[in-house]
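[1] return a 3D structure for these sequence lines:
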Amino acid sequence: MSARVERAEISGSETYVDFHFGDRPWVAQQTGVHKRPLGEPVTVAIDPTRIYVFDPAGRLAAAPARTR
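    Model (predicted):
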C-alpha cells in the first residue's frame, strides 16, 4: 500500500514510521536507522504473521502467534 510519512522516530536500532491508510492510523517498525522526511511517499507491505492490532482504547486486540 502507498502512504506518506507523518512522523518518523528513531529508537535505538529501529525506526518507527507513522502514516494513515484510508482513515486509519498505522505505525510501521523498520529495522535499522532510517531518516524519513515528513510527507515522503512510502510503499508499505504488511506481513500478516507479524501484525499487532489495537482497539480504539489502545488495548491489544490481536497479536502474532508465538513460536518456539
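[2] wait, is Thr49 part of a helix?
    Yes: counting by DSSP: H, G, I helix; E, B strand; the rest coil, Thr49 is found in a helix.
[3] now do the contacts for it.
    Contact analysis of Thr49 by CB atoms under 8 Å, 6 or more residues apart in numbering lists Pro64, Ala65. For the C-beta atoms, the positions are set from N, CA and C on the backbone; glycine is no exception.
[4] just the one 3 residues further on next, same as before
    Contacts of Tyr52 were listed using CB under 8 Å, 6+ apart, and they are Leu60, Ala62, Ala63, Pro64.
[5] so which of these belong to helices?
    Among those, no residue falls in helices (DSSP state H).
[6] do you know how far the residue lying closest to Arg50 once chain neighbours are set aside is from Asp47?
    Closest residue to Arg50 apart from its sequence neighbours, by CB to CB, 6 or more residues apart in numbering: Pro64 at 5.4 Å. According to CB to CB, to the nearest Å, Pro64 and Asp47 sit 9 Å apart.
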